[in-house]
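# Fold the following and give me the result.
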Amino acid sequence: MGLVETHWRYRYQGWRLVQMQIETIFPAVFVIALLGGCGGSGGSDGSGGSDIGGSVPRTSCGSAGAFQRCSLQHDDLTREYLIYVPNSYSGQGAIPLLLNFHGYGSNATDQHNYANFRLLADAEQFVLVVPEGTLLGDRQHWAVGSWTSESTTDDIDFVKTLIDTVSSDYLIDATRVYATGMSNGGYMSYHLACNLSHRIAAIASVTGSMSFETYDGCRPAQPTSVMQIHGTDDDVVPIDGDTWTKPIDDVIDYWVVYDGCDPEAEVTAVPDSNEDGVISERLSYDQCIGGTEVRYYRMNGMGHIWPETFRGDDLSGASVIWAFLSKYSTQGRIDQEM
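Numbers count the residues shown, from 1 in each chain. Okay, the predicted model is just below:
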């Protein structure tokens, strides 16, 4: 008789908690099944968002002020993504692009609902794209090695094509393309920083890490600003690593060295917004090449979640991520550019 582990999975629609469900996970697929709950639940077709339009042909993708499901062809596959263009977009000036990647076994609709950047996209004027992964078995994934090592999908090239496609439809600032994601989506963000840094200005990972394959093969073209948000009680992607994933401290150390940062972090307390008496830390490594930065939110007592203050957490994930990413371009810190 095998061990059975109960995994609580949270799913949010917009600003409201709409569902809590229990998923039973068997040891033969322990790591993969746990990662399957990352970033929300739902079917692999990405359906379920009432504010998201149906799939439309590649030639008429998106409109200002509305989420739209779009598609493109890549490696003989139809790849889908959600796109939100800010309601005041006029096409008169280039604006940033944010890519938001879902977790393993999740989908774009759930990622949008769980880690919602829509209000920020309107307020800060950037195009938001939430891509769909491809199926590995019966779960959507991003190919980053480790538990996805059997994947034949070239997600790096897909992201190149996706950036080109969105840029052909909208006036995108090519120096300000950013990546973020939850769990497997965080791994994908690091994978892009390692393999597409000439096009990705900065990344932020929430409960993700670097696989051994990504870590060992990481060859960034230039220093890249990275942010990590991780909980000490994350039992899906352990903060101290495992046989299939790098410890978060090793990930941070890699980028501190590569970006040429001061190895001594500035440590500040994260405000105890929920007044539970648990104090978390923000570690900032600065004086990096080109004004880049490495920032690490070490959240004491937090599990495998995307934090938001409106859900009772100490940190507003979307807000701190955009505040961090938006400071950088592929040339470094924006206010230090010549």
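
# Show me the beta-bridge partners of residue 329.
Beta bridges link residue 329 to residue 332 when assigned by DSSP bridges.

# One more: residue 140?
Applying DSSP bridges, one finds that residue 140 bridges with residue 135.

# Show me where the stretch 201-338 of the chain has its strands.
Using DSSP state E, counting those that start in this stretch, the strands of the stretch 201-338 of the chain run over 202-206, 225-231, 266-270, 280-285, 294-299, 328-329, 332-333.

# other SSEs contacting the longest one?
For strand 225-231, the contact count by 3 or more C-beta pairs under 8 Å, 6 or more residues apart in numbering; DSSP states H and E identifies helix 184-195, strand 202-206, helix 248-258, strand 294-299, helix 317-325 as packing neighbours. To be clear about C-beta, it is placed using only N, CA and C from the backbone, and glycine gets the same treatment.

# what separates the longest one from the chain centre, distance-wise?
What it means is helix 184-195. 8 Å (C-alpha atoms, centre = their mean, to the nearest Å).

# now swap in stretch 197-209 and tell me
Worked out by C-alpha atoms, centre = their mean, stretch 197-209 lies 7 Å from the chain centre.

# Identify each buried residue in that stretch, please.
Going by neighbour count (16 or more other C-beta atoms under 10 Å), the buried part of stretch 197-209 is 197, 199, 200, 201, 202, 203, 204, 205, 206, 207, 208, 209.

# do stretch 208-217 as well
208, 209, 210, 211, 213, 214, 215.

# cool, stretch 146-161 as well?
So, applying 16+ other C-beta under 10 Å, buried residues of stretch 146-161: 146, 147, 148, 151, 153, 155, 156, 158, 159, 160, 161.

# Grab the nearest non-local neighbour of residue 284.
residue 266 (4.6 Å; C-beta to C-beta, 6 or more residues apart in numbering).

# Let me know the pLDDT of the one you found.
In this model, residue 266 is scored at 98, pLDDT.

# quick one: low-confidence ranges for the protein?
Scanning the chain for pLDDT under 70 picks out 1-60, 336-338.

# and if we set it to 90?
For the chain, residues meeting the criterion pLDDT under 90 lie at 1-63, 66, 335-338.

# which residues in it form helices?
30-35, 108-114, 118-124, 155-169, 184-195, 212-216, 248-258, 317-325 (DSSP state H).

# List the contacts of the last one.
I take that to be helix 317-325. 98, 115-117, 120, 124, 126, 178, 180, 201-204, 206, 225, 227, 229, 293, 295, 297, 306-308 (C-beta atoms under 8 Å, 6 or more residues apart in numbering).
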